[in-house]
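Enquirer: I'll drop the sequence and a predicted model, then ask my questions.
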Amino acid sequence: MYCVGEMIERLRKIGIVPVISLPSVESAIPLGESLLAGGLACAEITFRTAAAAGAITALRIRFSDLLVGAGTVLSTRQAAEALDAGAQFLVAPGTNPTVVDFAHERGAAIFPGVATPTEIELALAHECEVLKFFPAEAIGGVKLLKAMTAPYRQVQFIPTGGIEPGNLASYFQIPQVAACGGSWMVKPEWIAANRFDEIERSAREAVALLDSIRNR
């Protein structure tokens, strides 16, 4: 069975994966500084803009203690581009066996997206046991995920989509939730306006919230 090992342990420890769409490579360094200053040592840079690969490379070169992944990976071409740029993990909105197999051939950690038991079965057949539950809130949220973890107790999930401070605790009540992905602490308008102080503040609040959830 393909094992993501240390990678998932790092993600589980961090607990929150900021999902970020960067408009320019120049935004990468102040973003990384803000996240780390707020205590959130992770960034998933989505391949929704042309700046993604360059931003990943810039972050990997500058910040050795920041876990940097690539999101919205839809093809083997994007997967190759992300890995060549230095991405430490890949995230996809769905389970494309060709992309998953390519990532495994490259020795990379990949978290494909699932929304149904059939998709979980497909991911398991391609040796994935850490899956993105997406779009979490739109497809049934905590209630659906709890139902699906019953027969798939060995599977770990990273719920993403509609996650925010108000519902974060409910997801972490599910033992199989390794981490949660979200964008509330890295709003696109803050990045566009160079309000990286807001990102630092929001990241710090997110970390404090997660700590309080875990200490309950």
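Expert: Alright, I've got the coordinates. Residues are numbered from 1 along each chain as shown.
Enquirer: in which helix or strand would I find residue 34?
Expert: helix 28-37 (DSSP states H and E).
Enquirer: buried set for that helix?
Expert: 28, 29, 31, 32, 33, 34, 35, 36 (16 or more other Cβ atoms under 10 Å). C-betas here are computed from N, CA, C, even on glycine.
Enquirer: got it, and stretch 60-70?
Expert: Applying a neighbour-count criterion of 16+ other Cβ under 10 Å, one finds 60, 63, 66, 67, 68, 69, 70 buried in stretch 60-70.
Enquirer: and what of stretch 11-27?
Expert: When neighbours are counted by 16+ other Cβ under 10 Å, the buried residues of stretch 11-27 are found to be 11, 14, 15, 16, 17, 18, 19, 20, 21, 22, 25, 27.
Enquirer: and which of those residues is nearest residue 159?
Expert: Closest approach to residue 159 among the buried residues of stretch 11-27 (Cβ to Cβ): residue 17, at 10.1 Å.
Enquirer: quick check: the closest one touching residue 177?
Expert: No: counting by Cβ atoms under 8 Å, residue 177 is not a contact partner of residue 17; they are 11.7 Å apart.
Enquirer: who touches both of the two?
Expert: Counting by Cβ atoms under 8 Å, 6 or more residues apart in numbering, the shared contacts of residue 17 and residue 177 are residue 158.
Enquirer: what packs against the helix holding residue 34?
Expert: strand 42-46, helix 52-62, helix 196-214 (3 or more Cβ pairs under 8 Å, 6 or more residues apart in numbering; DSSP states H and E).
Enquirer: closest to residue 163 out of these?
Expert: Across the helices and strands packed on helix 28-37, residue 163 has its closest neighbour in helix 196-214 (10.4 Å, Cβ to Cβ).
Enquirer: now do that closest one: distance to the chain's middle.
Expert: 16 Å (Cα atoms, centre = their mean, to the nearest Å).
Enquirer: again with stretch 46-66
Expert: A distance of 14 Å separates the centroid of the chain from that of stretch 46-66, by Cα atoms, centre = their mean.
Enquirer: ok so, going back, closest one of the buried residues of stretch 60-70 to residue 48?
Expert: Closest approach to residue 48 among these (Cβ to Cβ): residue 70, at 10.8 Å.
Enquirer: doesn't the closest one belong to a strand?
Expert: Yes: the assignment for residue 70 (DSSP: H, G, I helix; E, B strand; the rest coil) places it in a strand.
Enquirer: now the helices and strands packed on helix 28-37 as TSV including distance to residue 111 and mean pLDDT?
Expert: Output for the helices and strands packed on helix 28-37, formatted as TSV (distance: least, Cβ to Cβ, whole Å; pLDDT from 0 to 100):
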stretch	distance to residue 111	mean pLDDT
strand 42-46	10	98
helix 52-62	16	98
helix 196-214	19	98
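Enquirer: dump those into JSON lines; add distance to residue 82 as well.
Expert: Listed next are the helices and strands packed on helix 28-37 as JSON lines, based on distance: least, Cβ to Cβ, whole Å:
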{"stretch": "strand 42-46", "distance to residue 82": "8"}
{"stretch": "helix 52-62", "distance to residue 82": "6"}
{"stretch": "helix 196-214", "distance to residue 82": "22"}
